[in-house]
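Engineer: Please find the sequence and the predicted model below.
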Amino acid sequence: MREHAGTIVSRQDTKLLLDALKTANPVVLEEMAAANVTLGDVQGVLRGLLDDIQTSLYRQAKAFLESHTMSGMDRATFFELCSNRSGMVDIPWCERPECEAEVKRATTATTRVLRPLDEANAICTACGEPARVRAYFAQSY
């Protein structure tokens, strides 16, 4: 154990923290070692590193979602995508339970997120009725 300014940090705690950071981002351990951080500065340095990790993970998740979200298709393509492709399918939707039940029966996909409709007089891609919202449909795994 090492004591610095009233703070006691065990070697085991330090190793666990560094292992956790390394798992989240392999570059972090190298940056910590290269930075020559004093114990008194660890909190500030870690906050910055954790913020960087969070930003990086968010960007990766957003890029993945965008690359796995499809929109603007006809009924047949909608059913095909819901049946055979991982990801989210974004459509104008009527919000009728019987429509969702038909999609689920045919594809096992269900609604995930409902959003305001962004176009007037839109038609539900799944059934052809007037749309009330935009909806993401996806498989559950």
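Structural biologist: Sure, I can see it.

Engineer: all strands of this protein, in order?
Structural biologist: For the chain, the strands defined by DSSP state E occupy 2-4, 7-9, 69-71, 88-93, 110-116, 133-138.

Engineer: mind listing what's buried in the last one?
Structural biologist: Put plainly, it is strand 133-138. For strand 133-138, the neighbour count (16 or more other Cβ atoms under 10 Å) marks Val133, Arg134, Ala135, Tyr136, Phe137, Ala138 as buried. No exception for glycine: its C-beta is placed from N, CA and C like everyone else's.

Engineer: so what strands line up beside that strand?
Structural biologist: Sheet pairing here is set by DSSP bridges, and for strand 133-138 it gives strand 88-93 (antiparallel), strand 110-116 (antiparallel).

Engineer: Let me know which of those strands is tucked in deepest.
Structural biologist: Most buried of those, by mean neighbour count (mean count of other Cβ atoms under 10 Å): strand 88-93, with a mean of 24.

Engineer: now, which of the buried residues of strand 133-138 sits nearest Ala101?
Structural biologist: Among these, Phe137 lies closest to Ala101 (Cβ to Cβ), at 12.6 Å.

Engineer: Let's see the pLDDT reported for that closest one.
Structural biologist: On the pLDDT scale, Phe137 is placed at 96.

Engineer: Would you agree it is in contact with Val89?
Structural biologist: Yes: counting by Cβ atoms under 8 Å, Phe137 does reach Val89; the two are 4.7 Å apart.
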